[in-house]
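Q: turn this into a structure:
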Amino acid sequence: MAVEITSKIVGYRIKQQEQAVPVPELQDEDPLTVRIPSRPEGTLEAVSEKISYVGAEGRKKSLFAGVVYASGRRDWQ
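A: As a prediction, this is how the structure comes out:
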């Protein structure tokens, strides 16, 4: 987005940097031993999409991508 300045610039100020919010440290967990909770009962909203593309060999290929939305579910721990 471009902005055209049509009047004379008579002053300026430098934007102050915002103070960084401290990032909480993550627990050291071994991804090979972490227990993944089971899917909760009931239905979840989901979206799937077919993506078609041409591979390096010149053949048409397809890929299916899916996303499941579990926001607002309090039974996942």
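
Q: from here on, just use CA atoms for contacts and neighbour counts.
A: Fine.

Q: now do the SS call for the residue nearest to the spatial centre of the chain.
A: In the chain, the residue lying closest to the centroid (Cα atoms, centre = their mean) is residue 67, at 11.7 Å. Of the three states, residue 67 takes strand under DSSP: H, G, I helix; E, B strand; the rest coil.

Q: pretty sure it contacts residue 44?
A: No - the criterion here is Cα atoms under 8 Å, and residue 67 misses it with residue 44 at 10.2 Å.

Q: which helix or strand contains residue 46?
A: If you go by DSSP states H and E, residue 46 is part of strand 45-54.

Q: ok, residue 29 next?
A: Going by DSSP H and E, residue 29 is not part of any helix or strand.

Q: one more: residue 4?
A: Here residue 4 is assigned to no helix or strand, by DSSP H and E.

Q: now for it, how many residues are close by?
A: 5 (other Cα atoms under 10 Å).

Q: and it, its phi and psi?
A: For residue 4, the backbone dihedrals (degrees, to the nearest 10) come out as phi -100, psi 130.

Q: mind jotting down where the strands sit in the protein?
A: 45-54, 60-69 (DSSP state E).

Q: run through this protein and note the low-pLDDT ranges.
A: 36, 40, 70-77 (pLDDT under 70).

Q: rerun at 50
A: 73, 76-77 (pLDDT under 50).

Q: give me the contacts around stretch 59-70.
A: 44-55 (Cα atoms under 8 Å, 6 or more residues apart in numbering).

Q: the strand holding residue 46 pairs with which strands?
A: Partners of strand 45-54 in the sheet, by DSSP bridges, are strand 60-69 (antiparallel).

Q: give the buried residues for the partner strand.
A: Within strand 60-69, not a single residue qualifies as buried, counting by 16 or more other Cα atoms under 10 Å.

Q: relative to residue 44, how far out is residue 69?
A: For residue 69, the distance to residue 44 equals 6 Å [Cα to Cα, to the nearest Å].

Q: same question, residue 14
A: Distance from residue 14 to residue 44, by Cα to Cα: 48 Å.
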